[in-house]
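Chemist: Here is my input; please provide its structure:
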Amino acid sequence: MFELTKLITALILPPANVIMLAIFALFCLLFRCPKLAFFSALLAIGILYIVSLPYTSQKFSDSLIVEDNLSVEDYRQAQAIVVLGGGLRDSSELYNSLTVPGLVLERMRYATYLHKETELPILVTGASPNGNSEAKVMAQEFFTFFGVQPKWLEGKALNTAENAKYSQEILEREGISKIILITNQWHMQRAKLLFEKAGFSVFPASVGNGVTPESYDLNYMHFIPQAGAIGANMQLLKEWLGYWKEKF
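Modeler: Numbers count the residues shown, from 1 in each chain. This is a model prediction of the structure:
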């Protein structure tokens, strides 16, 4: 089911849908349907242009952000800190053959800060489809680089819904229902929704830049296609799809 979901998501989003539209346009030409071929090709080009714009990724990102607006005093009302995993990568560094990517390291850094400010225990959650435990690697690096020892390791969850489900199973036994949830700001709305569905009272602690300030002016580079914008837009589009799927 995990692999099927990833396959379906990949097919309905660019660049796969753009390629399928282009192939469809070619077939339309072969079967003498020039108007449909022209429309399909134009649609494919339009989609590709839109998803390659920095302006689009800025707007998508801003639309996913809800500012936390919480203080350290607010966070002290929680009972535990939950840090979501976000993948592993192979490592040629001497300290380990597997390590967390930068995205997860930013979550761990913020968790360390809040742990020291609130003195709340930490739960790390996440697993890889190949059987490696993200939680175990995160716990090792929490201790190695931040001098912090997570109290609980949840190493079975393959997605955010499972992060919430399995974290709840662990923390319920401890009588914990109020948590600080740490993830990236573009992921927070969906993560918060799922953890609340699992029965938690959530204090969101988002990692990221925040909403783009109105004082930041647009310029022509926002509308020049860039390869980096495609990757950002695909991540944000997938997040929107996931959020609306869980909400409705």
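Chemist: most remote residue from the chain's center?
Modeler: With C-alpha atoms, centre = their mean as the measure, the chain has its most outlying C-alpha, relative to the mean C-alpha position, at residue 32: 44.0 Å.
Chemist: What residues does residue 64 make contact with?
Modeler: 185-186, 188-189, 236, 239-240, 243 (C-beta atoms under 8 Å, 6 or more residues apart in numbering). For every residue, glycine as well, the C-beta is placed using N, CA and C.
Chemist: Whichever of those residues end up buried, select them in PyMOL.
Modeler: A single PyMOL command suffices to select whichever of the contacts of residue 64 are buried according to 16 or more other C-beta atoms under 10 Å:
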select buried, resi 185+186+188+189+236+239+243
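Chemist: got TSV for the contacts of residue 64, with secondary structure too?
Modeler: Output for the contacts of residue 64, formatted as TSV (DSSP: H, G, I helix; E, B strand; the rest coil):
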residue	secondary structure
185	helix
186	helix
188	helix
189	helix
236	helix
239	helix
240	helix
243	helix
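Chemist: Ramachandran angles for the residue farthest from the centre of the chain?
Modeler: phi 60, psi 50 (degrees, to the nearest 10).
Chemist: Now do the same for it: its pLDDT.
Modeler: Note for residue 32: predicted pLDDT of 88.
Chemist: go on, residue 13?
Modeler: Listed pLDDT for residue 13 reads 86.
Chemist: again, but for the one 4 residues further on
Modeler: Per-residue confidence for residue 17 comes out at a pLDDT of 92.
Chemist: what's the distance between residue 240 and residue 104?
Modeler: Applying C-beta to C-beta, to the nearest Å, one obtains 22 Å for the distance of residue 240 from residue 104.
Chemist: cool, and residue 83?
Modeler: Following C-beta to C-beta, the distance that separates residue 83 from residue 104 is 8 Å.
Chemist: overlap in contacts of those two?
Modeler: Where contact means C-beta under 8 Å, 6+ apart, the residues bridging residue 83 and residue 104 through contact with each are residue 138.
Chemist: The two: which is more packed in?
Modeler: A direct count of neighbours by other C-beta atoms under 10 Å for residue 83 and residue 104 places residue 83 higher, at 29 against 26.
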